[in-house]
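1. Sequence and predicted structure, then a few things I'm wondering about:
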Amino acid sequence: MIDVTVENFEAEVIAASMEVPVLVDFWAPWCGPCKSLGPILEKLETEYAGRFKLVKIDSDQEQQIAAMFGIRSIPTCVLLMNGQPVDGFMGAQPEGQVRAFLDKHVPSAEEALAEAEEEAAQEALEDGDTDTALEKLQHAVATDPANDDARFDYVKLLLQLGRVDDAKVAFAPVIAKAATSRKLGALKAWMDAIDFVAKDSMNPATSGGFDARIAANKRDFDARFGRARWLIAHQRWTDAMDELLEILMRDKAWNDEAARKTYVAVLEVIEPPRIKVAEGQIPPEDPVVATYRRRLSSVVLS
């Protein structure tokens with residue numbers, strides 16, 4: 001619990017809420033109901049173990065902040081996320097109701113642990129430690145099976161390491177969502193490409209068969225698409241997108257826009273995690289992803 005004034009409001013409330021939900025308790029020393037609510041809030045902050053941050057603002061001493069939030073009576077609690085108020089309640093509430101209020105917005109212990117594991121995995125990857133990253137992501141998925149972001153990163157890393165069978169097992173619980181999730185759909189497109197290469201009758205060890213067909217007929221889109229999938233299976237991402245662009249430049253709608261959809265899937269796979277930046281700033285975009293997004297837009301809109 002932190003006492004907030006005008007001087008530290010920006011750092012302790014607005015900036016902090018970009019990282020974790022912040023519950024602001026407006027109170028005053030003379031307020032009887034505040035004295036019963038305060039200990040409940042402090043107890044829950046300890047129990048939730050960092051899943052939300054509690055700050056207290058003396059509405060008598062900090063009238064400027066109280067006016068900014070339109071406080072008319074105390075105690076009043078306001079929950080901020082990503083710099084904005086999202087919910088609140090007035091008056092002293094029993095512990096059960098406060099807990100129910102928090103649980104609507106605050107991540108569960110499992111979700112928080114999975115997110116921490118995912119962040120640790122990304123740090124391990126930046127250090128080149130794929131074993132630790134894989135372990136952290138596996139734990140994140142096991143802890144919070146509904147965390148599709150962690151599952152995406154886990155399956156993606158397994159595929160990058162060539163552990164296709166393990167990737168399919170990890171992907172199986174969410175395969176039905178692939179049609180409606182861009183991220184999960186991208187993984188399915190990658191695995192479909194791997195399966196296509198494994199089963200293709202034209203020597204799967206080389207793209208030469210596709211090359212010969214394309215040389216004979218530049219509009220052999222089946223061959224171009226097959227070559228693009230061969231390149232995807234071998235993680236030659238930019239070469240694959242170049243081949244898909246060759247289809248798009250000639251026939252944007254071919255095969256129910258298969259080239260465009262596969263191109264977008266590749267962009268999803270190769271885009272690195274966005275780094276956190278200060279409020280109001282835009283995270284830098286990966287130059288390769290940015291270039292190929294522009295190329296796609298240029299072709300599709302032409």
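-> Great, that's in hand. Numbers count the residues shown, from 1 in each chain.

2. Residue 140 reaches residue 147, doesn't it?
-> Yes: between residue 140 and residue 147 there is a contact under C-beta atoms under 8 Å: 6.3 Å. For the C-beta atoms, the positions are set from N, CA and C on the backbone; glycine is no exception.

3. Can you list the low-confidence ranges for the stretch 51-200 of the chain?
-> 200 (pLDDT under 70).

4. Could you pull out the helices in it for me?
-> 63-68, 95-103, 109-126, 130-143, 148-160, 164-171, 182-199 (DSSP state H, counting those that start in this stretch).

5. now, of the ones you listed, which is deepest in the fold?
-> helix 148-160 (a mean of 21; mean count of other C-beta atoms under 10 Å).

6. Name the residues that touch it?
-> For helix 148-160, contacts defined as C-beta atoms under 8 Å, 6 or more residues apart in numbering pick out 114-115, 117-118, 121-122, 125, 130, 133-134, 137-138, 140-141, 144-145, 164, 166-167, 170-171, 173-174, 177, 181, 183-184, 187, 190-191, 194, 235, 269, 273.

7. got it, and stretch 59-75?
-> 4-6, 9, 24-29, 31, 33-34, 37-38, 57, 76, 78, 85, 90-92.

8. same thing with stretch 229-239?
-> With C-beta under 8 Å, 6+ apart as the criterion, stretch 229-239 contacts 160, 189-190, 192-194, 196-197, 200, 204, 207, 210, 240, 243, 262, 266, 269-270, 288, 292.

9. returning to what we had before: now tabulate the helices of the stretch 51-200 of the chain in TSV and tack on distance to residue 16.
-> TSV is the format used below for the helices of the stretch 51-200 of the chain (distance: least, C-beta to C-beta, whole Å):
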stretch	distance to residue 16
helix 63-68	15
helix 95-103	16
helix 109-126	16
helix 130-143	24
helix 148-160	22
helix 164-171	34
helix 182-199	28
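
10. wait, which of those is closest to residue 222?
-> helix 182-199 (11.6 Å; C-beta to C-beta).

11. can I have whichever helix or strand comes after the closest one written out in CSV, keeping just the CAs?
-> Per DSSP states H and E, helix 182-199 leads on to helix 208-216 as the next helix or strand towards the C-terminus. Output of helix 208-216 as CSV, limited to C-alpha atoms (Å, rounded to 0.1, in the frame of the first residue of the first chain):
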residue,chain,number,x,y,z
GLY,A,208,13.8,-28.3,-57.8
GLY,A,209,10.6,-29.9,-59.0
PHE,A,210,8.7,-26.7,-58.3
ASP,A,211,11.4,-24.6,-60.0
ALA,A,212,11.2,-26.6,-63.2
ARG,A,213,7.4,-26.2,-63.4
ILE,A,214,7.6,-22.4,-62.7
ALA,A,215,10.3,-22.0,-65.3
ALA,A,216,8.0,-23.6,-67.8
